[in-house]
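*Asks:* sequence and predicted model, in that order:
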Amino acid sequence: MSRLISFALEDFFDEYEHRSDLINLASSDSQPWERREFDARLGDWTTALPGTLAYPDLRAGLIPALEKAFRTPAGFSALPTAGAQESIAIVMHWLAAAKKVESIGLPVPAYGTFLGLANMLNLGIRSYAYTASLNWRPDISELRHLAKECDALVVINPHNPTGHKIATDELLHLAQILLTRGKTIVVDEVFVVAEESESLAYAAENVIVIGSLSKMYGLPGLRLGWILAATQDFQEFRTVQQYLTLSPSVFTVTIGTLVLERLFDEFTRVNLVKQNRTFLQAWAATHADIVSISPPMAGTTVILEIRNDRREQELFDAFLATGVLLVPGRSFGLPDRPPRFRLGYGMKAEVLDQGLRRIITAIK
Ligand SMILES: Cc1ncc(COP(=O)(O)O)c(C=O)c1O
């Protein structure tokens, strides 16, 4: 049997994401900054581009800017990547090739890269669930159990699609269990933003944190991510990266450096996301007879459950017919019934409002 499993979510996006006739409540990105907003923040950034399109020198600007933004202490380092997607690829290959990991704990449902790569790399997968019966939380005792048994544990925190956030104390406890066994915890923090979620970066030498500008900073197209981890592993991360992408592009390096220097003041989308979250919760409460959502603790996404006996596909078609795009639960491996969708709420407030109205129209 092939170890290459299809990436259902990305196949879905390939098919629907570029349909401009639909209100997109499928994306987990917060609203991308428009070019004029971007220029207003950076001024004429073209003057910062180097005179030639030679390989960029990351040590000259981007790495120091990253380490300054994320206050990297002695003994730890920051590696810029071509988005969190590359960060995940580096870490998974490193776990398989350098750490010779045989078993890895992975969340389900979840963004599919960890699972897809674990399959490709033939790692023994032990999954833990975010379940509806626990109000879309994972069972912490199950996670502790995996921390005692697996060679590596992956946590996506805040979690996509549920929006659940595991408490920092609990994560530290898991990291500690793994540390005593000489094992690794990988924390995907693409949905972490100051003011609403804490980072586990630098908590211990076995903690690997992954982040990016795509979700909470409105810059998905820049394709800039990072790994924050103990310096001792960096040469090996870099070796894997040399086999994958070599480095981010000269444009990403130039613009990314300027953005990181102003990241928390000028590029955070936290206020928009928080306002939209409050709006979404009020909407769900108003329509509690026909919809329910996973509790949105952080991040930009929830699982939306429709309380009726129509099938997921039928509802998906009804949403399309009313002009709103949601990710069907099957793209996250969820069963057909009850009908569930991933709903992203990081877009412009008026777009979210319109999309939510269309959902109600489609259901009724
Ligand atoms: C949990 C998670 N990790 C990583 C990524 C990839 O992010 P990036 O755009 O930085 O590659 C995504 C994208 O949706 C995600 O949801």
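*Replies:* Yep, it's here.
*Asks:* elements contacting the one helix or strand residue 96 maps to?
*Replies:* Under the criterion of DSSP states H and E, residue 96 resides in helix 84-97. Helices and strands in packing contact with helix 84-97 are listed as strand 76-81, helix 113-120, strand 184-188, strand 207-212, strand 225-230, helix 234-244; criterion 3 or more C-beta pairs under 8 Å, 6 or more residues apart in numbering; DSSP states H and E. Just so you know, the C-beta spots here come from the backbone N, C-alpha and C atoms, and that holds for glycine as well.
*Asks:* report whether it contacts the ligand.
*Replies:* Yes - counting by C-beta under 6 Å from any ligand atom, the ligand is contacted by helix 84-97 at 84, 85.
*Asks:* check contacts around the nearest residue to residue 309 once chain neighbours are set aside.
*Replies:* What sits nearest to residue 309 in space, not counting adjacent residues and going by C-beta to C-beta, 6 or more residues apart in numbering, is residue 337, at 8.0 Å. Neighbour list for residue 337: 309, 311, 312 [criterion: C-beta atoms under 8 Å, 6 or more residues apart in numbering].
*Asks:* distance of residue 337 from the ligand?
*Replies:* Residue 337 is 25 Å from the ligand, where distance means C-beta to the nearest ligand atom, to the nearest Å.
*Asks:* quick check: pLDDT value at that residue.
*Replies:* Residue 337 carries a pLDDT score of 90 in this model.
*Asks:* before we move on, which element is it in?
*Replies:* Using DSSP H and E, residue 337 falls within no helix or strand.
*Asks:* ok, the contacts of residue 337 vs the ligand, which is closest?
*Replies:* Proximity to the ligand was ranked across the contacts of residue 337 by C-beta to the nearest ligand atom; first place goes to residue 312, at 20.8 Å.
*Asks:* quick check: that closest one vs residue 171, distance?
*Replies:* Distance, residue 312 to residue 171, by C-beta to C-beta, to the nearest Å: 33 Å.
*Asks:* all strands for the stretch 1-150 of the chain, in order.
*Replies:* With strands called from DSSP state E, counting those that start in this stretch, the stretch 1-150 of the chain shows them at 23-24, 76-81, 103-108, 124-131, 137-138.
*Asks:* now for residue 315: which residues touch it?
*Replies:* When contacts are counted by C-beta under 8 Å, 6+ apart, residue 315 is found next to 306, 339, 341, 362, 363.
*Asks:* what about the nearest residue to residue 198 once chain neighbours are set aside, how many residues close to it?
*Replies:* Nearest-residue entry for residue 198: residue 168, 4.7 Å, with adjacent residues in sequence omitted and distances by C-beta to C-beta, 6+ apart. By the criterion of other C-beta atoms under 10 Å, residue 168 has 14 neighbours.
*Asks:* residue 168 contacts residue 200, doesn't it?
*Replies:* Yes - with contact taken as C-beta atoms under 8 Å, residue 168 and residue 200 are classed as touching, separated by 6.9 Å.
*Asks:* show me where pLDDT drops low in this structure?
*Replies:* Counting by pLDDT under 70, not a single residue of the chain qualifies.
*Asks:* quick check: residues of it near the ligand?
*Replies:* By the criterion of C-beta under 6 Å from any ligand atom, the positions of the chain lying close to the ligand are 28, 83-85, 111, 156, 160, 188, 190, 212, 214, 220, 225.
*Asks:* go again using 5 Å as the cut-off
*Replies:* The chain has residues 28, 83, 84, 85, 111, 156, 160, 188, 190, 212, 214, 225 near the ligand, with proximity defined as C-beta under 5 Å from any ligand atom.
*Asks:* neighbours of the third one, just the number please.
*Replies:* For residue 84, the neighbour count with other C-beta under 10 Å is 24.
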